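S.K.: Mind looking at a prediction? Sequence and model below.
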Amino acid sequence: MSENKFIDILKYLYQTRPYNTMKLGLFRIEQLLSKMGNPHLGVKFFHVTGSNGKGSVTTFLENLTYYHGHNVTGFYSPHLSTILERFHWNTNLINQEEFVDAAEYVKKYAEEMDKIGEEFSPSFFEYMTAMYFHLTKVKNAEFGSVEVGLGGRFDSTNVITPVVSVITTISLEHTNVLGNTHEEIAFEKAGIIKSGVPVVIGEMPEEAKIVIKNIAKERGSKVYEYGKDFSAEVVKYDFNNNIYNYYGDSTVKNIPVRLNGVHQLYNLAIALKAYETVEKLYEEKVQNAFSNAFIPGRFELFDGLILDGSHNPQAAEAFVSNIELYFSNKKRVALFGIVDDKDKMGVLEKIGPQFDTLIITRPPNKRAQKIDETYEIAKKYCKNVILEPDPIKGVELLKKIDGDVKFITGSFYLIGLIRDYLKNGCVSEELTISN
C-alpha cells in the first residue's frame, strides 16, 4: 500500500468529518453500527472515563488483558502525533494498511447516512469509534479497553455494555459541554454506568461521588471506591522505574511502572481493581503488564527533552508535582503553548513559578490564536518569558538555552507536533493535514 493512500483517506476524514466538531447523541453511532452488523457486540469491554487519568488507566487495562494471555484491542483519543495511536491491537499500534482498510469499510455506511441529512452524518469521532469496533471484530479480540472521548453519557463509545465501568477523577473541565459544577460533570460521566455492571471510581470531590453512587444504586451496579475497597502504596519513585504495591482482593507487591508521576499510584490501583473484578490477578503477569505499559508524551524523556501535558489546572498540578518529585533543585526551562478555550491563568499560575525561563509558542490548532494573551499571563508568573510564535523555532531556541532539565508542556497539540519533529527531523504531512 502506498503512503499516498493513507494520506488520501486522512484528507477525506479531516475534510468531510470536521475534526473538533462535536455532535451529541447516540442515534448516529447506533445506526452506523447497525448497518455494519453491530461489530461491538460479544466483546468484553472495559469502559473508562474521567477528567484526568483515563488514558493511563485504559493503557494499563489493555496491558493487563494482553499479558494475562488474551487477544485484545484498545481505543484512545485524542492522538498525539499520528492517528494510528488511537487504535491498538495486542498493545501495538495498527499499521497504515489496517487503518485504510477499516476507514474504507466504514466509509460506505457513513456515506449512506450522509445522504439522509446533516443531522445523521457521522462526526469524525463517531467514524473513529465505528472503525475501532470494526477492527476489534476483524481481529477477533476477546477484550477491548475503551477510553471515552468526552463526558460519557452522549459519547459515541457509550453504545457498549462493558464488563466494568471506570470513572477515574472528576474536575471542572469542558464546562461549556459538561456543566459548571462537579455534580453536573459527574452526572455526565456516570452516564457510562450500565445496569448491573460494576463501577470502579478513583479519588474525587465528595459531591461527585454522591452523584455517581446514586446513579449506580438506581442501576443496580456495585461501586468499588479507591481508599475504601482497594488502595496502593509507593515503594519508590524513580524516573522511568517507579515501584508500587497494590491491595485489593489480591495483594500484588513490587509492581514496576514505567509511566512517571504521583498520579500513577491511583491509575494503577483503579486499573488493577477493574481487572480483578473480572479475572484473577497473577503477580508476574501484572508486573510484565505495568513494566511495558507506555504512553507517548506523558512525562516522557524524548531526545533529551521531557514532554508532558498541562492543559488544565488539574493536569498542571500533577505536572508540577512530578517536576518537584523527579527534578527538584534543578535549573528548568520550558516551551509552553495552550489553546484559547483552556484556563490559561489556572495553568500558568501553577507552572510559571517552576521555570527559570518560559518560551511561549502557538500550538498547531485553530483554537490557538491569542498567543499574546498567553504571553502576558505568563509574565505574571515567571521572571523570564520569551515569545516565539513558531513552535519549531521555539524548540530549537529551547535547546540553546542553559538549563539542567528542559520541558515541552501545555497543549497535547504542541507536544504531538514537537515529538513528531524530534523523531523525524521534520513535521509529517499527516500533522499538516489535521492542523
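M.R.: Perfect, I can see it now.
S.K.: Point to the residue nearest the middle of the protein.
M.R.: Per Cα atoms, centre = their mean, the C-alpha nearest to the average position across the chain is that of Gly55, at 3.6 Å.
S.K.: Would you mind measuring from that residue to Asp402?
M.R.: Distance from Gly55 to Asp402, counting by Cβ to Cβ, to the nearest Å: 33 Å. To be clear about C-beta, it is placed using only N, CA and C from the backbone, and glycine gets the same treatment.
S.K.: Next: Glu218.
M.R.: Going from Glu218 to Asp402 by Cβ to Cβ gives 59 Å.
S.K.: One more: Val286?
M.R.: Note on Val286: its distance to Asp402, by Cβ to Cβ, is 42 Å.
S.K.: Between these two, which is the more surrounded one?
M.R.: The neighbour comparison of Val286 against Asp402 (other Cβ atoms under 10 Å) goes to Val286, with 26 against 9.
S.K.: any idea which element the more buried one lies in?
M.R.: Using DSSP states H and E, Val286 maps to helix 283-292.
S.K.: so how far is that helix off the chain centroid?
M.R.: 21 Å (Cα atoms, centre = their mean, to the nearest Å).
S.K.: Remind me what it packs against, helices and strands.
M.R.: Packing partners of helix 283-292 (3 or more Cβ pairs under 8 Å, 6 or more residues apart in numbering; DSSP states H and E): helix 54-67, strand 251-257.
S.K.: I'd say the residue nearest to the centre of the chain and Tyr76 touch.
M.R.: Yes: assessed by Cβ atoms under 8 Å, Gly55 is found in contact with Tyr76 at 6.2 Å.
S.K.: Can you work out which residues contact both of these two?
M.R.: Each of Glu147 lies in contact with both Gly55 and Tyr76 under the rule Cβ atoms under 8 Å, 6 or more residues apart in numbering.
S.K.: Which residues are in contact with Gly309?
M.R.: Contacts of Gly309 (Cβ under 8 Å, 6+ apart): Gly297, Arg298, Ala315, Phe319, Thr409, Gly410, Ser411, Phe412, Ile415.
S.K.: residues near Trp5, how many?
M.R.: Heads up, residue 5 is Lys, not Trp. Neighbour number of Lys5 under other Cβ under 10 Å is 15.
S.K.: Make sure it is indeed in a strand.
M.R.: No: with DSSP: H, G, I helix; E, B strand; the rest coil as the criterion, Lys5 is helix rather than part of a strand.
S.K.: Any stretches of the stretch 301-435 of the chain with poor pLDDT?
M.R.: Applying pLDDT under 70 to the stretch 301-435 of the chain flags the ranges 435.
S.K.: please redo it, this time with the cut-off set to 90
M.R.: Scanning the stretch 301-435 of the chain with the threshold set as pLDDT under 90 gives 310-315, 318, 341-342, 365-368, 431-435.
S.K.: Show me where it has its strands.
M.R.: Counting by DSSP state E, counting those that start in this stretch, the stretch 301-435 of the chain has these strands, from start to end: 305-309, 332-337, 357-360, 385-387, 405-410.
S.K.: Dump these into TSV; add distance to Lys108 as well.
M.R.: Formatted as TSV, the strands of the stretch 301-435 of the chain follow (distance: least, Cβ to Cβ, whole Å):
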stretch	distance to Lys108
strand 305-309	36
strand 332-337	39
strand 357-360	45
strand 385-387	48
strand 405-410	39
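S.K.: The helix holding Val286 to helix 54-67, inter-axis angle?
M.R.: Helix 283-292 runs at 140 degrees relative to helix 54-67, counting by axes from the mean of the first three to the mean of the last three Cα atoms, to 10 degrees.
S.K.: List the buried residues of helix 283-292.
M.R.: Within helix 283-292, the residues that qualify as buried by neighbour count (16 or more other Cβ atoms under 10 Å) are Lys285, Val286, Gln287, Asn288, Ala289, Phe290.
S.K.: Could I have the CA atoms of that helix written out in PDB?
M.R.: The C-alpha coordinates for helix 283-292 follow below in PDB (Å, rounded to 0.1, in the frame of the first residue of the first chain):
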ATOM      1  CA  GLU A 283       1.700 -11.400  40.100                       C
ATOM      2  CA  GLU A 284       4.200 -12.000  37.300                       C
ATOM      3  CA  LYS A 285       1.700 -11.100  34.600                       C
ATOM      4  CA  VAL A 286       0.800  -7.900  36.500                       C
ATOM      5  CA  GLN A 287       4.500  -6.900  36.700                       C
ATOM      6  CA  ASN A 288       5.000  -7.600  33.000                       C
ATOM      7  CA  ALA A 289       1.900  -5.500  32.100                       C
ATOM      8  CA  PHE A 290       2.900  -2.400  34.000                       C
ATOM      9  CA  SER A 291       6.600  -2.500  33.200                       C
ATOM     10  CA  ASN A 292       5.700  -2.500  29.500                       C
END
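S.K.: Not counting that helix itself, show me its contacts.
M.R.: Contact with helix 283-292 is made by 60, 63-64, 66-69, 91, 246, 252-258, 268, 272, as judged by Cβ under 8 Å, 6+ apart.
S.K.: Could you break this structure into its assigned domains?
M.R.: Domains of the chain are assigned by automatic domain parsing as 3-292, 300-434.
S.K.: Assign Glu188 to helix, strand or coil.
M.R.: helix.
S.K.: Buried residues, stretch 237-246. List them.
M.R.: For stretch 237-246, the neighbour count (16+ other Cβ under 10 Å) marks Tyr237, Asn242, Ile243, Tyr244, Asn245, Tyr246 as buried.
S.K.: Perfect, that will be all.
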